[in-house]
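Asks: Take a look and give me a structure for this.
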Amino acid sequence: MITILNRRELTTTFSMEKMSRITGRLDQERVPYRVHTVGRQNAALSGASRSRSGSFGISPDLERQYIIYVHRRDLEKAGRILMGLK
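Replies: Got it, this is the predicted structure:
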């Protein structure tokens, strides 16, 4: 089980397709992982800030950040898998 105490960040991406490729490969190799999705606009402030500045110039591709974590004991193996995808 992956917890906040034993996890390590494998990679971060803004691309859902890249995240899917990485997690698919981790699944194939039976490496447990967790994906944390971060919205780039703060939900508490999005209404107020959007009304002031709008969404002009904000790329929709950068609205979500995907952070992929693995157990610290699997970090080396997951890193080799990630290198094989590039």
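Asks: In contact with V31, which residues are there?
Replies: For V31, the contact set (Cβ atoms under 8 Å, 6 or more residues apart in numbering) comprises 70, 74, 77-78, 81. For the C-beta atoms, the positions are set from N, CA and C on the backbone; glycine is no exception.
Asks: Assumed it was part of a helix.
Replies: No: V31 is assigned coil when assessed by DSSP: H, G, I helix; E, B strand; the rest coil, not a helix.
Asks: Use 28 as the first number from now on
Replies: Sure, I'll start numbering at 28, so the last one becomes V58.
Asks: how near is it to R91?
Replies: From V58 across to R91, the span is 23 Å (Cβ to Cβ, to the nearest Å).
Asks: Over to N33?
Replies: According to Cβ to Cβ, N33 stands 25 Å off from R91.
Asks: Who has more neighbours out of the two?
Replies: Applying other Cβ atoms under 10 Å to N33 and R91 shows that R91 carries more neighbours, namely 16 against 12.
Asks: so the more buried one makes contact with M46?
Replies: No: counting by Cβ atoms under 8 Å, R91 stays clear of M46, with 9.2 Å between them.
Asks: Can you tell me which residue is spatially central in this structure?
Replies: Residue closest to the average C-alpha location in the chain (Cα atoms, centre = their mean): Y93, at 1.8 Å.
Asks: Find the helix or strand that that one is a member of.
Replies: Using DSSP states H and E, Y93 maps to strand 91-98.
Asks: Perfect, I'm done here.
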